[in-house]
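[1] Structure, please.
(one chain, ligands or ions: 1)
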Amino acid sequence: MSVIGVLTAGGDCPGLNAVIRGVTVRATKTHDAEVVGIKNGWEGLMDGDTMPLDRDAVRGILVRGGTILGSSRMDPYVHGDGYASCAKTIKRNGIDSLVVIGGDGTLRSALRLSEEGLPIIGVPKTIDNDINGTDTTFGFSTAVQIATEAIDRLVSTAESHNRVIVVEVMGRTKGWIATYAGIAGGADAILIPEVPYQLEEIAEIVRRRHRRGQRYSIVVVGEGVEPPPGTADQEVRKDAFGFDRLGGVGYHVAGALEEMTGFETRVSVLGHIQRGGTPSAFDRVLATRLGVAAADYAVAGQTGVMAAVRGLEIVPVPMEEACAEIRGVPDDIYDTAATFFE
Ligand code: F6P
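    Numbers count the residues shown, from 1 in each chain. Here you go, the predicted structure:
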């Protein structure tokens, strides 16, 4: 009987539990395999912290946010000696193949482990939707829905008080959440890291709206945009993976906009609300399909591939593709959003 290990690493994301359930039910029921859950991402693999996963263990988790396995930003190549640090847990549990559910940093380490000889299947995850090699990632639809609902609410209060509201959303160095939530929420301007901006142009949009009698404006800002010149003096902090800890640029944009336009401007930083809670129906279905595919690939003896979305299909794609680049918002989608900046 083959044994499949599963871990979730990096920031959590709505749909992780649906993937865990998909892997577990497919592996145990369809393939008569055994599944071992590894707790707290790579940390659990290095420390030997595991739990058995069977049909009962994953009952009811489809709709739950977060991950029943826990996650961490530990990494075997940053905080350990790569494969050597994980070998004991793999041996003790008789793991034949490991399903790694994670973002680009996690998949990069997964790829290295697979090159060191551990059979690995990746499942790309992030609310940021920026992983290369797959058309989309689970979690993104939920984050966009939450951000859109927030914008809808902010419109009504901005309108009542004749205010400008700057809404800062997550997404790291790419503006997928900002662009999609901005389009869906009818934003008056959207700033994303991929597109350099002149704040004067945004200020002019705001002034024009006020001249026309529309005395409120909603400006969506991706957390990874450059602060307006001369507004940010703090050093950027790093997380355990070495990534920049972002958040707060909205305050710099709002301060500068208020100064330039003279209109009262407020800020709403949505933060981790975008990652918490139950996944959307779309993400539940996508995550389930990815989990089922990952179990199939693992049992079939594939390695070094991730379950990816191509059109309507789920297909195995070399994990190298995920590591090749971070995928930004295509020009035509941003151009569609910009059509409505007025
Ligand atoms: O990558 C997902 C993400 O939610 C980013 O959008 C955000 O910058 C980051 O993770 C936040 O990470 P943490 O939970 O470590 O603060």
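[2] ok, and for stretch 43-50, which residues are buried?
    Going by neighbour count (16 or more other C-beta atoms under 10 Å), the buried part of stretch 43-50 is 43, 44, 45, 46, 47, 50. C-beta here means a position set from N, CA and C on the backbone, and glycine is covered the same way.
[3] ok, the fourth one to the ligand distance?
    Spelled out, it's residue 46. When distance is defined by C-beta to the nearest ligand atom, to the nearest Å, residue 46 is 19 Å away from the ligand.
[4] and what of the first one?
    Distance from residue 43 to the ligand, counting by C-beta to the nearest ligand atom: 14 Å.
[5] Could you check which helix or strand contains that residue?
    Using DSSP states H and E, residue 43 sits within helix 42-47.
[6] how about the residues of the chain near the ligand?
    Residues of the chain lying close to the ligand by C-beta under 6 Å from any ligand atom are 11, 103, 126, 127, 128, 170, 171, 172, 223, 239, 246, 275.
[7] tell me, how many neighbours does whichever residue of the stretch 51-200 of the chain sits closest to the ligand end up with?
    Per C-beta to the nearest ligand atom, residue 170 is where the stretch 51-200 of the chain lies closest to the ligand, at 3.2 Å. Per other C-beta atoms under 10 Å, the neighbour tally for residue 170 reads 25.
[8] Just the strands from the stretch 101-250 of the chain, written as ranges.
    120-124, 164-169, 189-191, 217-222 (DSSP state E, counting those that start in this stretch).
[9] Can you tell me which of the ones you listed is most buried?
    Of the strands of the stretch 101-250 of the chain, the one with the most neighbours on average (mean count of other C-beta atoms under 10 Å) is strand 120-124, at a mean of 30.
[10] Direction included, what does that one pair against?
    Sheet pairing of strand 120-124 (DSSP bridges) gives strand 97-102 (parallel), strand 305-310 (parallel).
[11] check contacts around the closest residue to residue 208 other than its chain neighbours.
    In space, residue 208 comes closest to residue 342 once its chain neighbours are excluded; the distance is 7.3 Å by C-beta to C-beta, 6 or more residues apart in numbering. Shown in contact with residue 342 (C-beta atoms under 8 Å, 6 or more residues apart in numbering): 188, 205, 208, 209.
[12] again, only this time at 10 Å
    Listed by C-beta atoms under 10 Å, 6 or more residues apart in numbering, the contact set of residue 342 reads 188, 189, 205, 208, 209, 212, 214.
[13] Now the two most distant members of those residues.
    Largest separation among the contacts of residue 342 by C-beta to C-beta: 189 and 212, giving 14.9 Å.
[14] if I look at the residue nearest to residue 208, how far off is residue 158?
    As defined by C-beta to C-beta, to the nearest Å, residue 342 lies at a distance of 16 Å from residue 158.
[15] what helices or strands is the longest helix seen in the chain leaning on?
    Scanning the chain for the longest helix, with DSSP state H as the assignment, gives helix 140-161. Helix 140-161 is packed against strand 164-169, helix 176-185, strand 217-222, strand 265-269, helix 281-299, with contacts defined by 3 or more C-beta pairs under 10 Å, 6 or more residues apart in numbering; DSSP states H and E.
[16] so what's residue 134 up against?
    122-124, 290, 306-310, 314-315, 317, 321-322, 327.
[17] For it, which non-adjacent residue is spatially closest?
    Distances taken as C-beta to C-beta, 6+ apart place residue 308 nearest to residue 134, at 3.8 Å, with adjacent residues excluded.
[18] wait, the one you found sits on residue 327?
    No - Residue 308 is beyond contact range of residue 327, at 11.9 Å (criterion: C-beta atoms under 10 Å).
[19] domains of the chain?
    Per the record, the chain has its domains at 3-139+279-323, 142-276, by automatic domain parsing.
[20] wait, doesn't residue 271 sit right on residue 169?
    Yes - the pair residue 271 and residue 169 passes the contact test of C-beta under 10 Å, sitting 9.0 Å apart.
[21] Give me the common contacts of those two.
    With C-beta under 10 Å, 6+ apart, residue 271 and residue 169 have common neighbours residue 223.
[22] per-residue pLDDT, the residue nearest to residue 284 when sequence neighbours are not counted?
    In this structure, residue 284 finds its nearest non-sequential neighbour in residue 18, 5.2 Å apart by C-beta to C-beta, 6+ apart. On pLDDT, residue 18 comes in at 98.
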